[in-house]
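> Got a predicted model here, sequence first, then my questions.
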Amino acid sequence: MGLIRTQEETGRHVRMLTHEIRSTLDRHTILKTTLVELGRTLALEECALWMPTRTGLELQLSYTLRQQNPVGHTINDWPELSTKRYALMVLMLPSDSARQWHVHELELVEVVADQVAVALSHAAILEESRRARDQLMEQNVALDLARREAETAIRARNDFLAVMNHEMRTPMHAIIALSSLLQETELTPEQRLMVETILKSSNLLATLINDVLDLSRLEDGSLQLDIATFNLHSVFIEVHDLIKPVASVKKLSVTLNLAADLPVYAVGDEKRLMQTILNVVGNAVKFSKEGSISITVFVAKSESLRDFRAADFFPVQSDDHFYLRVQVKDSGSGINPQDIPKLFTKFAQTESLATRNSGGSGLGLAICKRFVNLMEGHIWIESEGLGKGCTATFIVKLGISRAIK
(Lines give C-alpha, C1' and ligand atoms only; values in the text may rest on other atoms or scores of the structure.)
Protein backbone atom coordinates (compact mmCIF):
# COMPACT_ATOMS: atom_id res chain seq x y z
CA MET A 1 0.00 0.00 0.00
CA GLY A 2 2.85 2.36 0.80
CA LEU A 3 4.35 1.86 -2.68
CA ILE A 4 1.01 2.49 -4.36
CA ARG A 5 0.45 5.62 -2.30
CA THR A 6 3.95 6.84 -3.20
CA GLN A 7 3.34 6.25 -6.92
CA GLU A 8 0.02 8.09 -6.74
CA GLU A 9 1.69 10.98 -4.97
CA THR A 10 4.45 11.07 -7.56
CA GLY A 11 1.89 11.03 -10.40
CA ARG A 12 -0.04 13.87 -8.79
CA HIS A 13 3.14 15.96 -8.49
CA VAL A 14 4.08 15.19 -12.10
CA ARG A 15 0.65 16.29 -13.37
CA MET A 16 0.79 19.44 -11.27
CA LEU A 17 4.31 20.33 -12.43
CA THR A 18 3.46 19.52 -16.05
CA HIS A 19 0.40 21.76 -15.88
CA GLU A 20 2.45 24.64 -14.44
CA ILE A 21 5.23 24.22 -16.99
CA ARG A 22 2.86 24.00 -19.97
CA SER A 23 0.74 26.94 -18.87
CA THR A 24 3.15 29.31 -20.63
CA LEU A 25 5.31 29.40 -23.74
CA ASP A 26 7.77 31.93 -22.34
CA ARG A 27 11.19 30.30 -21.93
CA HIS A 28 12.17 32.28 -18.85
CA THR A 29 8.84 31.57 -17.12
CA ILE A 30 9.12 27.85 -17.90
CA LEU A 31 12.57 27.56 -16.35
CA LYS A 32 11.78 29.70 -13.32
CA THR A 33 8.52 27.80 -12.69
CA THR A 34 10.39 24.50 -12.92
CA LEU A 35 12.85 25.56 -10.23
CA VAL A 36 10.18 26.93 -7.91
CA GLU A 37 7.84 23.93 -8.21
CA LEU A 38 10.62 21.35 -7.91
CA GLY A 39 11.99 23.18 -4.88
CA ARG A 40 8.56 23.21 -3.23
CA THR A 41 7.58 19.65 -4.18
CA LEU A 42 10.88 18.05 -3.19
CA ALA A 43 11.59 20.42 -0.27
CA LEU A 44 14.97 21.39 -1.73
CA GLU A 45 17.45 23.73 -0.10
CA GLU A 46 18.63 25.01 -3.47
CA CYS A 47 17.89 24.45 -7.13
CA ALA A 48 20.00 25.99 -9.90
CA LEU A 49 20.05 25.82 -13.68
CA TRP A 50 23.21 26.22 -15.76
CA MET A 51 22.76 26.95 -19.47
CA PRO A 52 25.40 26.80 -22.25
CA THR A 53 26.73 30.19 -23.40
CA ARG A 54 26.47 31.40 -27.00
CA THR A 55 29.97 30.10 -27.73
CA GLY A 56 29.12 26.70 -26.25
CA LEU A 57 32.44 26.63 -24.39
CA GLU A 58 31.10 27.44 -20.92
CA LEU A 59 28.09 26.92 -18.68
CA GLN A 60 26.46 30.03 -17.23
CA LEU A 61 24.36 30.19 -14.07
CA SER A 62 21.01 31.37 -15.43
CA TYR A 63 18.42 30.66 -12.71
CA THR A 64 18.58 29.88 -8.98
CA LEU A 65 15.92 29.17 -6.38
CA ARG A 66 17.50 30.90 -3.38
CA GLN A 67 20.00 33.11 -5.31
CA GLN A 68 22.87 31.97 -3.12
CA ASN A 69 25.20 32.43 -6.11
CA PRO A 70 25.18 35.41 -8.52
CA VAL A 71 23.32 34.81 -11.78
CA GLY A 72 25.74 35.15 -14.71
CA HIS A 73 28.59 33.27 -13.09
CA THR A 74 30.29 30.94 -15.60
CA ILE A 75 32.20 27.69 -15.26
CA ASN A 76 34.04 25.46 -17.71
CA ASP A 77 34.73 22.47 -15.50
CA TRP A 78 32.49 20.15 -17.56
CA PRO A 79 33.72 20.38 -21.16
CA GLU A 80 31.81 17.19 -22.05
CA LEU A 81 28.57 19.04 -21.19
CA SER A 82 29.31 22.45 -22.70
CA THR A 83 30.63 21.09 -25.99
CA LYS A 84 27.41 19.12 -26.48
CA ARG A 85 25.39 22.18 -25.44
CA TYR A 86 23.68 20.38 -22.56
CA ALA A 87 21.98 22.30 -19.75
CA LEU A 88 22.73 21.31 -16.16
CA MET A 89 20.22 21.36 -13.32
CA VAL A 90 21.57 21.09 -9.76
CA LEU A 91 19.14 19.93 -7.03
CA MET A 92 20.39 20.20 -3.42
CA LEU A 93 18.74 18.44 -0.46
CA PRO A 94 18.73 20.17 2.94
CA SER A 95 22.22 19.91 4.42
CA ASP A 96 21.03 19.44 8.03
CA SER A 97 19.14 16.20 7.39
CA ALA A 98 20.03 12.60 6.69
CA ARG A 99 17.54 12.47 3.81
CA GLN A 100 18.50 10.53 0.69
CA TRP A 101 17.13 10.62 -2.84
CA HIS A 102 14.33 8.11 -3.37
CA VAL A 103 13.58 6.33 -6.63
CA HIS A 104 10.19 7.99 -7.06
CA GLU A 105 11.80 11.43 -6.60
CA LEU A 106 14.39 10.71 -9.27
CA GLU A 107 11.64 9.45 -11.58
CA LEU A 108 9.71 12.67 -10.96
CA VAL A 109 12.77 14.76 -11.83
CA GLU A 110 13.31 12.72 -15.00
CA VAL A 111 9.71 13.14 -16.14
CA VAL A 112 9.81 16.87 -15.36
CA ALA A 113 13.04 17.21 -17.35
CA ASP A 114 11.34 15.62 -20.37
CA GLN A 115 8.35 17.94 -20.02
CA VAL A 116 10.64 20.95 -19.72
CA ALA A 117 12.46 19.90 -22.91
CA VAL A 118 9.15 19.68 -24.78
CA ALA A 119 7.95 23.02 -23.40
CA LEU A 120 11.27 24.71 -24.29
CA SER A 121 11.03 23.29 -27.82
CA HIS A 122 7.55 24.79 -28.21
CA ALA A 123 8.77 28.07 -26.71
CA ALA A 124 11.69 28.16 -29.17
CA ILE A 125 9.31 27.69 -32.08
CA LEU A 126 7.09 30.48 -30.75
CA GLU A 127 10.08 32.79 -30.23
CA GLU A 128 11.29 32.10 -33.76
CA SER A 129 7.79 32.76 -35.09
CA ARG A 130 7.59 36.04 -33.18
CA ARG A 131 11.06 37.00 -34.35
CA ALA A 132 10.10 36.27 -37.95
CA ARG A 133 6.85 38.22 -37.49
CA ASP A 134 8.69 41.20 -36.00
CA GLN A 135 11.26 41.06 -38.79
CA LEU A 136 8.49 40.92 -41.38
CA MET A 137 6.76 43.89 -39.75
CA GLU A 138 10.02 45.85 -39.80
CA GLN A 139 10.54 44.97 -43.45
CA ASN A 140 6.97 45.99 -44.26
CA VAL A 141 7.46 49.30 -42.48
CA ALA A 142 10.73 49.85 -44.37
CA LEU A 143 9.09 48.91 -47.68
CA ASP A 144 6.15 51.20 -47.00
CA LEU A 145 8.54 54.04 -46.18
CA ALA A 146 10.56 53.34 -49.34
CA ARG A 147 7.34 53.23 -51.38
CA ARG A 148 6.16 56.56 -49.99
CA GLU A 149 9.59 58.09 -50.60
CA ALA A 150 9.56 56.75 -54.17
CA GLU A 151 6.07 58.14 -54.74
CA THR A 152 7.19 61.51 -53.38
CA ALA A 153 10.23 61.43 -55.67
CA ILE A 154 8.06 60.52 -58.67
CA ARG A 155 5.64 63.36 -57.90
CA ALA A 156 8.56 65.77 -57.55
CA ARG A 157 10.01 64.55 -60.83
CA ASN A 158 6.66 64.85 -62.60
CA ASP A 159 6.18 68.36 -61.22
CA PHE A 160 9.66 69.29 -62.42
CA LEU A 161 9.02 67.81 -65.86
CA ALA A 162 5.73 69.67 -66.12
CA VAL A 163 7.48 72.95 -65.33
CA MET A 164 10.32 72.08 -67.72
CA ASN A 165 7.79 71.23 -70.39
CA HIS A 166 6.29 74.71 -70.25
CA GLU A 167 9.32 76.81 -69.33
CA MET A 168 11.70 75.22 -71.87
CA ARG A 169 9.40 74.54 -74.80
CA THR A 170 8.08 78.09 -75.01
CA PRO A 171 11.46 79.81 -75.55
CA MET A 172 12.67 76.87 -77.66
CA HIS A 173 9.76 77.26 -80.07
CA ALA A 174 10.53 80.96 -80.30
CA ILE A 175 14.20 80.26 -81.10
CA ILE A 176 13.26 77.72 -83.78
CA ALA A 177 10.66 80.02 -85.35
CA LEU A 178 12.93 83.08 -85.38
CA SER A 179 15.86 81.06 -86.73
CA SER A 180 13.66 79.77 -89.56
CA LEU A 181 12.58 83.34 -90.39
CA LEU A 182 16.18 84.51 -90.22
CA GLN A 183 17.13 81.94 -92.85
CA GLU A 184 14.80 83.70 -95.31
CA THR A 185 16.72 86.99 -95.05
CA GLU A 186 19.86 88.12 -96.87
CA LEU A 187 22.77 86.50 -95.02
CA THR A 188 26.44 86.07 -95.71
CA PRO A 189 27.62 82.45 -96.02
CA GLU A 190 29.17 82.66 -92.54
CA GLN A 191 25.97 84.07 -91.02
CA ARG A 192 23.85 81.41 -92.75
CA LEU A 193 26.09 78.68 -91.33
CA MET A 194 25.64 80.13 -87.84
CA VAL A 195 21.85 80.31 -88.21
CA GLU A 196 21.72 76.74 -89.52
CA THR A 197 23.77 75.62 -86.51
CA ILE A 198 21.37 77.43 -84.15
CA LEU A 199 18.35 75.86 -85.86
CA LYS A 200 19.86 72.39 -85.89
CA SER A 201 20.84 72.58 -82.21
CA SER A 202 17.43 73.96 -81.25
CA ASN A 203 15.62 71.15 -83.05
CA LEU A 204 17.89 68.61 -81.38
CA LEU A 205 17.19 70.09 -77.94
CA ALA A 206 13.43 70.19 -78.62
CA THR A 207 13.54 66.52 -79.63
CA LEU A 208 15.50 65.67 -76.48
CA ILE A 209 12.92 67.46 -74.30
CA ASN A 210 10.08 65.55 -75.96
CA ASP A 211 11.93 62.24 -75.63
CA VAL A 212 12.71 62.75 -71.94
CA LEU A 213 9.09 63.64 -71.19
CA ASP A 214 7.77 60.62 -73.09
CA LEU A 215 10.28 58.26 -71.48
CA SER A 216 9.45 59.54 -68.00
CA ARG A 217 5.75 58.99 -68.57
CA LEU A 218 6.44 55.52 -69.94
CA GLU A 219 8.57 54.58 -66.93
CA ASP A 220 6.08 55.72 -64.28
CA GLY A 221 3.18 54.12 -66.14
CA SER A 222 1.24 57.35 -66.63
CA LEU A 223 1.35 57.15 -70.43
CA GLN A 224 -1.64 55.24 -71.80
CA LEU A 225 -2.54 54.44 -75.38
CA ASP A 226 -5.25 56.61 -76.95
CA ILE A 227 -7.27 54.00 -78.83
CA ALA A 228 -9.41 55.18 -81.74
CA THR A 229 -10.19 54.35 -85.36
CA PHE A 230 -7.76 56.01 -87.81
CA ASN A 231 -6.68 55.91 -91.45
CA LEU A 232 -3.68 53.57 -91.50
CA HIS A 233 -2.66 54.43 -95.07
CA SER A 234 -2.66 58.15 -94.28
CA VAL A 235 -0.21 57.63 -91.40
CA PHE A 236 2.44 56.12 -93.66
CA ILE A 237 1.82 58.57 -96.48
CA GLU A 238 2.24 61.46 -94.02
CA VAL A 239 5.46 59.96 -92.65
CA HIS A 240 6.78 59.58 -96.20
CA ASP A 241 5.89 63.19 -97.02
CA LEU A 242 7.59 64.46 -93.85
CA ILE A 243 10.77 62.44 -94.31
CA LYS A 244 11.23 62.90 -98.07
CA PRO A 245 12.38 66.58 -97.98
CA VAL A 246 14.87 65.82 -95.20
CA ALA A 247 16.21 62.81 -97.09
CA SER A 248 16.47 64.71 -100.38
CA VAL A 249 18.95 67.13 -98.78
CA LYS A 250 21.27 64.13 -98.33
CA LYS A 251 20.37 62.83 -101.82
CA LEU A 252 18.57 59.83 -100.32
CA SER A 253 15.63 58.26 -102.11
CA VAL A 254 12.73 57.11 -99.92
CA THR A 255 10.21 54.56 -101.21
CA LEU A 256 6.98 53.49 -99.52
CA ASN A 257 5.44 50.10 -100.28
CA LEU A 258 1.98 49.41 -98.85
CA ALA A 259 0.71 45.85 -99.31
CA ALA A 260 -2.43 45.47 -101.40
CA ASP A 261 -4.28 43.73 -98.56
CA LEU A 262 -3.32 46.35 -95.95
CA PRO A 263 -6.53 47.65 -94.28
CA VAL A 264 -7.25 51.32 -94.90
CA TYR A 265 -8.59 51.79 -91.39
CA ALA A 266 -7.41 50.31 -88.11
CA VAL A 267 -8.05 50.74 -84.38
CA GLY A 268 -5.13 51.83 -82.19
CA ASP A 269 -3.06 54.80 -81.05
CA GLU A 270 -2.37 56.74 -84.23
CA LYS A 271 -0.04 59.25 -82.55
CA ARG A 272 2.23 56.64 -80.91
CA LEU A 273 2.33 54.54 -84.08
CA MET A 274 3.37 57.57 -86.13
CA GLN A 275 5.95 58.56 -83.51
CA THR A 276 7.44 55.07 -83.67
CA ILE A 277 7.59 55.09 -87.47
CA LEU A 278 9.13 58.58 -87.54
CA ASN A 279 11.80 57.56 -85.03
CA VAL A 280 12.74 54.42 -86.96
CA VAL A 281 12.72 56.10 -90.39
CA GLY A 282 14.44 59.17 -88.93
CA ASN A 283 17.26 56.94 -87.69
CA ALA A 284 17.62 55.48 -91.17
CA VAL A 285 17.95 58.98 -92.65
CA LYS A 286 20.31 60.10 -89.89
CA PHE A 287 22.79 57.27 -90.43
CA SER A 288 22.68 57.17 -94.24
CA LYS A 289 24.91 59.49 -96.25
CA GLU A 290 23.68 58.33 -99.65
CA GLY A 291 21.69 55.58 -101.28
CA SER A 292 18.11 54.64 -100.51
CA ILE A 293 15.61 53.92 -97.77
CA SER A 294 12.64 51.61 -98.27
CA ILE A 295 9.56 51.39 -96.04
CA THR A 296 7.57 48.19 -96.48
CA VAL A 297 4.24 47.72 -94.70
CA PHE A 298 2.08 44.60 -94.68
CA VAL A 299 -0.16 42.45 -92.50
CA ALA A 300 1.98 39.87 -90.70
CA LYS A 301 0.93 36.30 -91.37
CA SER A 302 1.59 33.41 -89.00
CA GLU A 303 4.93 32.53 -90.58
CA SER A 304 6.21 36.12 -90.36
CA LEU A 305 5.09 36.80 -86.78
CA ARG A 306 7.64 34.77 -84.86
CA ASP A 307 11.20 35.96 -84.46
CA PHE A 308 13.91 33.87 -82.80
CA ARG A 309 15.17 36.95 -80.93
CA ALA A 310 11.80 37.49 -79.23
CA ALA A 311 11.52 34.76 -76.61
CA ASP A 312 8.80 36.70 -74.76
CA PHE A 313 6.69 37.60 -77.82
CA PHE A 314 3.67 35.32 -78.22
CA PRO A 315 1.26 36.73 -80.83
CA VAL A 316 -2.24 35.25 -80.93
CA GLN A 317 -4.34 35.55 -84.06
CA SER A 318 -7.96 36.67 -83.70
CA ASP A 319 -10.87 38.00 -85.74
CA ASP A 320 -10.81 41.21 -83.68
CA HIS A 321 -7.25 42.30 -84.48
CA PHE A 322 -4.31 41.89 -86.82
CA TYR A 323 -0.55 42.33 -86.57
CA LEU A 324 1.05 45.09 -88.62
CA ARG A 325 4.63 44.50 -89.76
CA VAL A 326 6.76 47.50 -90.74
CA GLN A 327 10.22 47.05 -92.25
CA VAL A 328 12.62 49.96 -92.80
CA LYS A 329 15.74 49.13 -94.79
CA ASP A 330 18.57 51.60 -95.38
CA SER A 331 21.96 51.66 -97.11
CA GLY A 332 23.57 53.55 -94.23
CA SER A 333 26.55 53.06 -91.95
CA GLY A 334 25.40 49.76 -90.48
CA ILE A 335 26.32 48.44 -87.06
CA ASN A 336 28.33 45.64 -85.53
CA PRO A 337 25.93 42.78 -84.68
CA GLN A 338 27.23 42.64 -81.09
CA ASP A 339 26.25 46.30 -80.60
CA ILE A 340 22.61 45.84 -81.67
CA PRO A 341 21.22 45.06 -78.15
CA LYS A 342 22.64 48.38 -76.91
CA LEU A 343 20.44 50.34 -79.30
CA PHE A 344 17.31 49.80 -77.21
CA THR A 345 18.79 51.02 -73.91
CA LYS A 346 18.47 54.61 -72.72
CA PHE A 347 21.16 57.06 -73.87
CA ALA A 348 23.00 54.26 -75.69
CA GLN A 349 24.99 55.07 -78.80
CA THR A 350 27.30 52.88 -80.83
CA GLU A 351 30.90 53.75 -81.52
CA SER A 352 30.60 54.16 -85.28
CA LEU A 353 31.78 57.41 -86.84
CA ALA A 354 28.33 58.02 -88.31
CA THR A 355 26.80 57.94 -84.85
CA ARG A 356 29.22 60.47 -83.48
CA ASN A 357 28.70 62.75 -86.46
CA SER A 358 24.92 62.44 -86.44
CA GLY A 359 24.40 63.24 -82.77
CA GLY A 360 21.11 62.34 -81.14
CA SER A 361 19.94 61.80 -77.59
CA GLY A 362 20.17 58.03 -77.58
CA LEU A 363 16.51 57.85 -76.54
CA GLY A 364 14.69 57.33 -79.86
CA LEU A 365 14.86 53.54 -80.13
CA ALA A 366 14.45 53.08 -76.38
CA ILE A 367 11.15 54.98 -76.62
CA CYS A 368 10.17 53.03 -79.75
CA LYS A 369 10.65 49.78 -77.86
CA ARG A 370 8.39 51.01 -75.02
CA PHE A 371 5.71 52.14 -77.48
CA VAL A 372 5.87 48.83 -79.38
CA ASN A 373 5.61 46.91 -76.10
CA LEU A 374 2.53 48.97 -75.18
CA MET A 375 1.05 47.97 -78.54
CA GLU A 376 1.76 44.29 -77.69
CA GLY A 377 4.44 43.98 -80.34
CA HIS A 378 8.14 43.46 -80.88
CA ILE A 379 10.97 45.43 -82.51
CA TRP A 380 14.41 44.35 -83.67
CA ILE A 381 17.29 45.49 -85.90
CA GLU A 382 19.47 43.48 -88.27
CA SER A 383 22.81 44.42 -89.83
CA GLU A 384 25.66 42.48 -91.40
CA GLY A 385 28.21 44.97 -90.08
CA LEU A 386 29.64 48.45 -90.49
CA GLY A 387 29.03 49.98 -93.90
CA LYS A 388 26.40 47.38 -94.86
CA GLY A 389 23.22 49.17 -93.85
CA CYS A 390 20.50 48.20 -91.39
CA THR A 391 17.02 46.72 -91.45
CA ALA A 392 14.70 47.76 -88.62
CA THR A 393 11.51 45.74 -88.21
CA PHE A 394 8.66 46.10 -85.77
CA ILE A 395 5.32 44.35 -85.33
CA VAL A 396 2.38 45.92 -83.49
CA LYS A 397 -1.12 44.73 -82.68
CA LEU A 398 -3.98 46.81 -84.13
CA GLY A 399 -7.73 46.36 -83.94
CA ILE A 400 -9.85 45.69 -87.01
CA SER A 401 -12.24 48.54 -87.77
CA ARG A 402 -15.85 47.37 -88.15
CA ALA A 403 -17.48 50.77 -88.45
CA ILE A 404 -15.92 51.76 -91.76
CA LYS A 405 -15.84 49.36 -94.66
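That came in fine, so what should we check first? Numbers count the residues shown, from 1 in each chain.
> Helix or strand with the lowest mean pLDDT in the chain?
The weakest-scoring helix or strand in the chain, judged by mean pLDDT, DSSP states H and E, is helix 353-358 (a mean of 44).
> I'd say residue 164 and residue 209 touch.
Yes: using CB atoms under 8 Å, residue 164 is in contact with residue 209, at 7.2 Å. All C-beta spots, glycine's among them, are computed from the backbone N, C-alpha and C.
> The two: which has the busier surroundings?
Shown here are residue 164 and residue 209; by other CB atoms under 10 Å, residue 209 has more neighbours (17 against 13).
> Domain-wise, how is this protein divided?
2-132, 226-400 (automatic domain parsing).
> For the ones you listed, give me a markdown table that also has mean neighbour count.
Converted to a markdown table, those look like this (neighbours: other CB atoms under 10 Å):
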| stretch | mean neighbour count |
| --- | --- |
| domain 2-132 | 14 |
| domain 226-400 | 17 |
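> mean pLDDT for the ones you listed: which is lowest?
Ranked by mean pLDDT, those end with domain 2-132 in last place, scoring a mean of 75.
> what about the strands in the stretch 151-300 of the chain?
Secondary structure of the stretch 151-300 of the chain by DSSP state E, counting those that start in this stretch: the strands cover 228-231, 252-258, 265-268, 291-299.
> Quick one: closest of the ones you listed to residue 27.
strand 265-268 (65.6 Å; CB to CB).
> And that closest one, what does it pack against?
In terms of contacts (3 or more CB pairs under 8 Å, 6 or more residues apart in numbering; DSSP states H and E), strand 265-268 is packed against strand 228-231, strand 321-330, strand 390-400.
> For residue 275, which of those is the nearest?
strand 390-400 (12.0 Å).
> Does residue 261 touch residue 299 like I think?
Yes: between residue 261 and residue 299 there is a contact under CB under 8 Å: 6.1 Å.
> what sits against the residue nearest to residue 397 when sequence neighbours are not counted?
Sequence neighbours aside, residue 376 is the residue nearest to residue 397 in space, at 4.1 Å (criterion: CB to CB, 6 or more residues apart in numbering). By CB atoms under 8 Å, 6 or more residues apart in numbering, residue 376 lies in contact with 315, 396, 397.
> what about the second one, distance to residue 73?
Distance of residue 396 to residue 73, computed by CB to CB, to the nearest Å: 78 Å.
> And residue 137, by the same measure?
For residue 137 relative to residue 73 (CB to CB), the value is 37 Å.
> ok, now residue 92?
16 Å.
> Distance from the chain centre to the longest helix along the chain, please.
Counting residues, the longest helix found in the chain (DSSP state H) is helix 103-183. For helix 103-183, the gap between its own C-alpha mean and the chain's C-alpha mean amounts to 13 Å (CA atoms, centre = their mean, to the nearest Å).
> what does stretch 384-395 give?
With CA atoms, centre = their mean, you get 32 Å for stretch 384-395.
> likewise stretch 178-188?
With CA atoms, centre = their mean, you get 51 Å for stretch 178-188.
> Touching that stretch from outside, list them.
With contact meaning CB under 8 Å, 6+ apart, stretch 178-188 is reached by 192, 195, 196, 198, 199, 202.
> Without its sequence neighbours, what residue ends up closest to the fifth one?
The shortest distance from residue 199 to any residue other than its chain neighbours is 4.1 Å, reached at residue 179 (CB to CB, 6+ apart).
> neighbours of that neighbour, just the number please.
19.
> Distance of it relative to residue 101?
Distance of residue 179 to residue 101, given as CB to CB: 107 Å.
> Residue 162 too?
Counting by CB to CB, the gap from residue 162 to residue 101 is 86 Å.
> Check residue 236 too.
Distance, residue 236 to residue 101, by CB to CB: 101 Å.
> for residue 144, same thing?
Distance from residue 144 to residue 101, by CB to CB: 59 Å.
> ditto for residue 338
83 Å.
> again, but for residue 280
From residue 280 to residue 101 the distance is 93 Å (CB to CB).
> do residue 157 as well
Distance of residue 157 to residue 101, given as CB to CB: 78 Å.
> tally of neighbours for residue 183?
Residue 183: 14 neighbours (other CB under 10 Å).
> Also residue 161?
Using other CB under 10 Å, the number of residues around residue 161 comes to 16.
> mind checking pLDDT for it?
72.
> That one reaches residue 210, doesn't it?
No: the criterion here is CB under 8 Å, and residue 161 misses it with residue 210 at 11.3 Å.
> got the contact list for residue 198?
By CB under 8 Å, 6+ apart, residue 198 lies in contact with 175, 179.
> Start the count at 271 instead of 1 going forward.
Fine by me, first position is 271 from now on; the one you just mentioned is residue 468.
> so what's the backbone phi/psi at residue 321?
phi -110, psi 150 (degrees, to the nearest 10).
> For it, which non-adjacent residue is spatially closest?
Per CB to CB, 6+ apart, closest to residue 321 is residue 332, 4.4 Å.
> Return the distance of the one you found relative to residue 506.
83 Å.
> repeat for residue 362
Separation of residue 362 from residue 506 (CB to CB) stands at 99 Å.
> Repeat that for residue 641.
Going from residue 641 to residue 506 by CB to CB gives 16 Å.
> Ok, residue 546 next?
When residue 546 is compared with residue 506 (using CB to CB), they lie 12 Å apart.
> same question, residue 459
If you go by CB to CB, the gap between residue 459 and residue 506 works out to 38 Å.
> tell me the phi and psi of the closest residue to residue 659 other than its chain neighbours?
Take residue 659 and drop its neighbours on the chain: the residue closest to it by CB to CB, 6+ apart is residue 601, 4.7 Å away. For residue 601, the backbone dihedrals (degrees, to the nearest 10) come out as phi -110, psi 30.
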